[in-house]
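**Student:** Got a predicted structure here, sequence first:
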Amino acid sequence: MRNPLGKWALLALISSSILVADQVTKFMAVEHLTYAFQAARARTLPEKVEAFLTQKDLLERGLSDGRQIQVVRNFWQFQYTQNRGAAWGFLSRSGEKFRVPFFHLVSLAAVVFIFSYYRKLSTEQRYLQVALALVLGGALGNAICRLLRGYVIDYIDWHWFDPFWRSPSLHWPTFNVADSAITVGLVMLVLEMIFARKPAREAGKPSA
C-alpha cells in the first residue's frame, strides 16, 4: 500500500532543497561579489549570517564595486545585482510603498495556489508534484529576499559576446537559483498542459 503522505514528503524535500540552495548561493554572492561583510566588520560565519539577514541597506552604498567572477569567458559570469521588480525588471521603478506590498501579495497568492493545486494531485502524479515543488521552492526563496530587504539578490549573468562590436550584444536578465527553479517548474507545467491533455482529447473523439 502506497504511503498517502509520500507526495507531501516530496514537496517538502524539493522545495526546502531549492530554498536552502537559493539562500546559500545568495549569501555566497554577497560574500564574494561585494564588500558588504567587510563594511559590517563581520569576520566569523555567524557574524556574516547576521549581517546577511539583518542589514538590508548595507549594499545600498555602492559596496559591490562591479566585482565579477568569470565562469565561461564572454558568456557566463557572476555579478551582484539587486532586482526590485519581477522578471526583466517589471515594476522595478514603482514606488516602494506600492511595489513591496504588491509582491508580498503575489507571493502569498502563488503559495496558496500551489498548495490548493497540489493537494488535489494523486500520489502517482509525480511529474506535476516535482513541477509544483520547484515553483514553490523558488517562490519562497525570492519571497524571503523581498521580506528581508525589499529586493531580490541576483548574480548569474549570461550574455553572448559580439566579436564585431566587442560588447555583450545579447544579455539575459541576471537571475538566481530561485528564478531557475520557478522557470523549470513552469516549463514543466506548460509541457504537461500541451502533451498530457492532447491524448485525452483525442481519446474522447468518436471512432470512424
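**Tutor:** That came through fine.
**Student:** Can you tell me how far Phe37 is from Thr25?
**Tutor:** Separation of Phe37 from Thr25 (Cβ to Cβ, to the nearest Å): 16 Å. All C-beta spots, glycine's among them, are computed from the backbone N, C-alpha and C.
**Student:** and stretch 124-135, which residues are buried?
**Tutor:** Using 16 or more other Cβ atoms under 10 Å as the test for burial, stretch 124-135 gives 125, 128-135.
**Student:** ok, so of these, who is nearest Val71?
**Tutor:** Minimum distance to Val71 across the buried residues of stretch 124-135 is 22.9 Å, recorded for Leu134 (Cβ to Cβ).
**Student:** where's the closest one, which helix or strand?
**Tutor:** Counting by DSSP states H and E, the element that carries Leu134 is helix 126-149.
**Student:** Could I get the contacting residues of the most centrally placed residue in the chain?
**Tutor:** Centroid check for the chain by Cα atoms, centre = their mean gives Ala178 as the closest residue, at 1.8 Å. Shown in contact with Ala178 (Cβ atoms under 8 Å, 6 or more residues apart in numbering): 18, 22, 137-142, 145, 152.
**Student:** Same list (these) but as a markdown table, adding neighbour count.
**Tutor:** Compiled in a markdown table, the contacts of Ala178 are given as follows (neighbours: other Cβ atoms under 10 Å):
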| residue | neighbour count |
| --- | --- |
| Ile18 | 26 |
| Asp22 | 25 |
| Gly137 | 26 |
| Gly138 | 26 |
| Ala139 | 25 |
| Leu140 | 22 |
| Gly141 | 26 |
| Asn142 | 26 |
| Cys145 | 21 |
| Val152 | 24 |
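**Student:** Could I get the phi/psi values of Ser122?
**Tutor:** phi -80, psi 160 (degrees, to the nearest 10).
**Student:** brain fart, Gly150
**Tutor:** Per degrees, to the nearest 10, the backbone of Gly150 is at phi 90, psi 0.
**Student:** Okay, buried residues for the longest strand anywhere in the chain please.
**Tutor:** The residue-count maximum for a strand in the chain (DSSP state E) belongs to strand 152-162. Within strand 152-162, the residues that count as buried by 16+ other Cβ under 10 Å are 152-159.
**Student:** What helices and strands are in contact with the lengthiest helix in the chain?
**Tutor:** If you go by DSSP state H, the chain has its longest helix at helix 6-33. Where contact means 3 or more Cβ pairs under 8 Å, 6 or more residues apart in numbering; DSSP states H and E, helix 6-33 is packed against helix 36-39, helix 45-54, strand 68-72, strand 76-83, helix 126-149, strand 152-162, helix 177-195.
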